[in-house]
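Visitor: need a structure here:
(2 chains)
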Amino acid sequence: MHHDPALLRRLFESFDYSPAPESPDKALAWLNGGMRNFGHFIYGEFTKPGNTLFDAVNPHNGQVLGHFTQGTEADVHAAMEAAQAAYPAWSALPNHKRAAYLYALEREILKHRRDLEVLESLNTGKPFRETRLMDIPLTTRHFGHHAALAAIFSKRFTDRQHLGVVGCVIPWNFPLLMAAWKLGPNMAVGNTVVIKAGDTTPVTIMYLAEIIQRIGLPPGVVNIVTGNRETGKLIVSHPIPKKIMFTGSTRGGREIRLATVGSGKQLSLELGGKGPIVVCSDADIYSAAQIVVRGILSNKGEICCATSKGLFQESIAPALIEEIKYCFSRIRIGDPLDKNTDLGPVNSQAQFDKITGMIMLAQEHGGTVWQALCPIPATGYYIRPTVLFVHPDNPVAREEIFGPVMVVMTFRTTDEAIALANNNKYGLSCTVVSRDNGKALYIASRINAGTRWVNCTQVFDAAAGFGGTRQSGHGREGGFEGIYAVTKEIDDPSSATPEPSLEDSDDAQAMAMIKSLMPDGLNQTERFLVGGSLARPDGARSFSITSPDGMHLGDVGDANRKDVRNAVKAAFGAKGKWAQAGGDMRRKVLMFLAEKMQKRAFELAVGIKRQTGCTLQQAMAEVTLSIERLFYWASWATNYGGTVQTVAQTDMQVVATNEPIGVISILCPDNHPLLGLINTLGPALAMGNTVVAIAGKYALTAMTLVEILLGKDVPDGVINILTSADPDARAVNLAKHSAVDAVWCYGKPETVAEVEKVSVCNMKRTDAQDGSTVDWLGSNGTSMDWLRKATQVMNTWTLIGA
Amino acid sequence: MPFDKGVLADLHVMRPLVDADAADILSRRSIKGPSQIAADLLLVSCMDLTTLNGGDTPGRVDRLCERALAPVPYETMATLGLAEDFPLTVGGVCVYMAQAEEATRILKGRVPLALVSTDFPHGQNSPLKARCTQIEDAVAAGATEIDVVIRRELALNERWRELYDELCAMRQACGAAHIKVILGTGDLKDYNMIAKASCIAMMAGADFIKTSTGMEVENATFPVGLVMIRMIRWFFKEIDPGRMVGLKPAGGIRTAADARSWLILMKEELGSIDMRWTKPGLFRLGASGLLDDLVLQLNTNAAGGGDNYDDPTAIPMS
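Guide: The predicted structure is shown next:
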């Protein structure tokens, strides 16, 4: 190993970062070193590359990444026909089937995310750091979240239905993420899509096409064409789509509006922006400067919601500007794949010319320019972080620049800040920084913008809608509002809720499985799950589980009061962490649990059959339904957050949040061994509660679940499972325990009464009913009442004013 | 400088914002290749090699001091081409008063000796006068650096004037010795309070501000470090222009990766003003086991890769 002592000495004296590049080799291999020719992706197949090709280029060094096909009228028509052909079957699929495809997209992208992160960086010039921390994680989040929305679609949107074929045109600045924003909601509700990739950035969406092919999505549901504005126009003007979704420039949005006049097509337009950032004098200057810098340099400023219009309170403006300059001067500009790079090149020569032109325009109108002196590479479309000090009447104060360039003005009072912020033809986003929350919320609420960030900026999530007002367009993507945007009022309400379908199973294969699963030889030891570990019964007793015809199937532990106490302690210890893990994490954990149950579906079914004496067909149906239900309940985890209350007081903001109750004890019903367990655990866990579950008669099924849970995907203590020969007595023990916050009891009628009586010790919430009266298979099992039982509504009042 | 209450009124640190800032800064920098070797050597030179245990004996302190003088094995330095003309010691040795004699005997002034003082770790066992006497004794015993603790009570109840007066008295007792003021950030918790305490310590003449004693439940965290670093910068620019105060994170820093993150914070926030803030004169890391990991990393890098977590030739810290 050769070392360069002189270099080491120099770095030791004046420390600096050596290059730390992420290797592009594997991603380039997929592109065949830039030699690969791409066609479109239509009806599940890649078409032959067309006659007219264009290059996708790395803006850092001009390297050609691949040759892509300019979409023609015939191409667009073929894609539209494909989408039309796929629509009837796709829209008729049960919700959980569409959800499963979206879930597969989320998982498959996660498995190959490094290639996508590198390719996105290569094609757009944005730092690898950003594609790794923002573009790709948000992409998977959008597919995952819309898997959830698909699963709960009929329940949450009872009066909505799919539209038909939707035409989408996306920009070059977030090539994959914008695709996910368009595909996620449309696929979730049953629409089929023709989407045109960003003009200069078609690389990652073609990688996505391969993933779509691999997961076996029915052909025609997603069709991808590449090309320039002309191709986009062909999509917009084609007669088939019922809706056009466009993200891009305000100019393009205006053209689309005009091109679709009288066509009856719905439109969603997400256009330009000039995002004000208001910094009040009480802000922490250091953090405020960081927010400003993040807000304008994210994606090189090539993002419509960049904090491009600085409004700083006069008294702190000099100090804040000095700090911003200090931050800008530390920015490292260069190879986007280097992990130390903060700022990459803007996307193209056209962009470069436009931005530098705007800087000149600012000067012509009396503005002064400050640019950071950070070194930049000799080639590539690099622009240093730039501040333009202008008056409000300078054209650049209101025009979108779309680069690492911000304008700065000052204000004296909050009213002036609001007026200057609203002196804006756009209305996409705004950012307010103040230590005084009431003031910050007041200012934000009075700025005309679809997204308002307080003490943060450039944060996004699939559960929160995004979109603008004024010339920033209309329509929302993400959140419930994003679902309304891709659906219409239902024609025939009775067709809305497809019945749960029962899977067919191969009986002969199943019987072979049963044989191989029969205990032969070694004795089985069953134990409780307490705090993530297996626990032996404290009383050192087991009881026998028998089949209906009296055959001994196995022994399980008989829990006593002390076991109950230990389980509650574990659940109590886990409750804070599980509640704070966040809905999306809980969704992923529970969906993953559903995956694992699917892997052991036969084993579970065999267990059910042996314990209940039902047919294997019935047992398989219960297992399938249970997996669906777990997926269904997991899907609510980020979709049952709460509401904003419209109170009489106009200076108050009241936010009602649905919060977990805490530790819930569950006496599982014993009419369905698995479904009874899953359908009660599901809503309790999804909403952030921890659980102590008691199984009795069919405890062997609970024991199979324990084995699955030992994979440790669910944090320790979140699920605790006990088995008991007298489960009703243990339910009463739990109802008496003061660390249990709610008790769900589906046992015998006399137990129900006793549980309700002893629950007064700490006034716990009870849901006690005779378990045999609940229709778990039907609508009782998916009722939103379960979510209400698993949560409590907390109202937070904030006085807003300045 | 004199006590100035107005300075404290200007502080508006918000915890979630600083947490986000620290995460953001660290996500932007990666120390690889030759930089990693240089950083690890630099971090060795910034270490206050510490033992503060009930079981400390002259024998252990003896070994510690020998390592302080030659922290990286000769073979490693030779492989790196730095065997000649590259004197490398740690930044300081930090022990209890009881071991001062043994430490000075070995160190002979070649590495600064720091002693913890003023009823370390909690500062609550004797009146101010006695605590100042402890400092005088420590200086007499050969310490050139004194690590003092603040009474957290004074910060928690915002009795800033009293805290200032106590620290001024301690500063005076130190004489020519450097004073490092331990804030006990794990006890203070509130970032704005940590910012204020940092300012008071610097006003009272601290040469270093230091995060923790290592005995708190919560050790030095990066966001807390960022709060203190920004106060150092503010003090340098606005409050006492030109006066450079150092930072010493301590407690829980066990891996080279963590130590490099501290270096990144210092370089990003202060190094652009003056690189001396990345040198032992103004940057120390209070730790003991950290040296083992730094040496392990240096050995690995010197050999050109091949992770080795079980090197039988490595000299263990204790």
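Visitor: Show me which residues of the stretch 1-150 of chain A sit near chain B.
Guide: Counting by Cβ under 8 Å from any Cβ of the partner chain, the residues of the stretch 1-150 of chain A close to chain B are A:1, A:3-5, A:7-9, A:11-12, A:14-20, A:129, A:133. All C-beta atoms are positioned from the backbone trio N, CA, C, and that covers glycine.
Visitor: same question, the stretch 701-802 of chain A
Guide: Contacts of the stretch 701-802 of chain A with chain B, taken as Cβ under 8 Å from any Cβ, are absent.
Visitor: can you give me the strands in the stretch 701-802 of chain A?
Guide: A:719-723, A:742-745, A:765-768, A:791-799 (DSSP state E, counting those that start in this stretch).
Visitor: out of these, deepest packed?
Guide: strand A:719-723 (a mean of 29; mean count of other Cβ atoms under 10 Å in any protein chain shown).
Visitor: who's in contact with it?
Guide: The contact list for strand A:719-723 (Cβ atoms under 8 Å, 6 or more residues apart in numbering or on different chains) reads A:526, A:528-531, A:556-559, A:563-564, A:567-568, A:570-571, A:681, A:685, A:690-696, A:699, A:702-703, A:705-706, A:709, A:730.
Visitor: Ok, stretch A:2-15 next?
Guide: Contacts for stretch A:2-15 (Cβ under 8 Å, 6+ apart): A:18, B:34-35, B:37-39, B:41-42, B:79-82, B:86, B:263, B:267, B:271, B:275, B:278, B:302.
Visitor: Skipping its backbone neighbours, what lies nearest A:A440 in space?
Guide: Nearest non-adjacent residue to A:A440, counting by Cβ to Cβ, 6 or more residues apart in numbering or on different chains: A:S434, 4.1 Å away.
Visitor: so how far is stretch A:88-108 from its chain's centroid?
Guide: 16 Å (Cα atoms, centre = their mean, to the nearest Å).
Visitor: are any of the contacts of stretch A:2-15 buried, and which?
Guide: A:18, B:34-35, B:37-39, B:41-42, B:79-82, B:263, B:267, B:271, B:275, B:278, B:302 (16 or more other Cβ atoms under 10 Å in any protein chain shown).
Visitor: In helices, which of those residues appear?
Guide: B:P34, B:S35, B:I37, B:A38, B:A39, B:L41, B:L42, B:T79, B:L263, B:A302 (DSSP state H).
Visitor: Could I get the contacting residues of the fourth one?
Guide: Under the criterion of Cβ under 8 Å, 6+ apart, the contact list for B:A38 reads A:L8, A:L11, A:F12, A:F15.
Visitor: any idea of the mean pLDDT in whatever helix or strand the second one lives in?
Guide: A:L11 belongs to helix A:5-13 when elements are defined using DSSP states H and E. When pLDDT is averaged along helix A:5-13, the result is 96.
Visitor: immediately after that helix, which helix or strand?
Guide: Per DSSP H and E, the helix or strand that comes after helix A:5-13 is helix A:25-30.
Visitor: Pull the distance from that next one to the chain's centre.
Guide: Centroid displacement of helix A:25-30 relative to its chain, using Cα atoms, centre = their mean, is 28 Å.
Visitor: likewise stretch A:538-556?
Guide: 44 Å.
Visitor: now do stretch A:470-487
Guide: The answer for stretch A:470-487 is 16 Å, by Cα atoms, centre = their mean.
Visitor: That one: which residues count as buried?
Guide: A:470-479, A:481-487.
Visitor: end to end, how far does that stretch reach?
Guide: End-to-end distance for stretch A:470-487: 23 Å, by Cα to Cα, to the nearest Å.
Visitor: Quick one: mean pLDDT over it.
Guide: For stretch A:470-487, the per-residue pLDDT averages 94.
Visitor: ditto for stretch A:698-715
Guide: Mean pLDDT, computed over stretch A:698-715, is 93.
Visitor: Next: stretch B:207-216.
Guide: Computed over stretch B:207-216, the mean pLDDT rounds to 96.
Visitor: Quick check: end-to-end length of it?
Guide: Termini of stretch B:207-216 sit 22 Å apart (Cα to Cα).
Visitor: again, but for stretch B:23-43
Guide: Terminal-residue distance, stretch B:23-43 (Cα to Cα): 21 Å.
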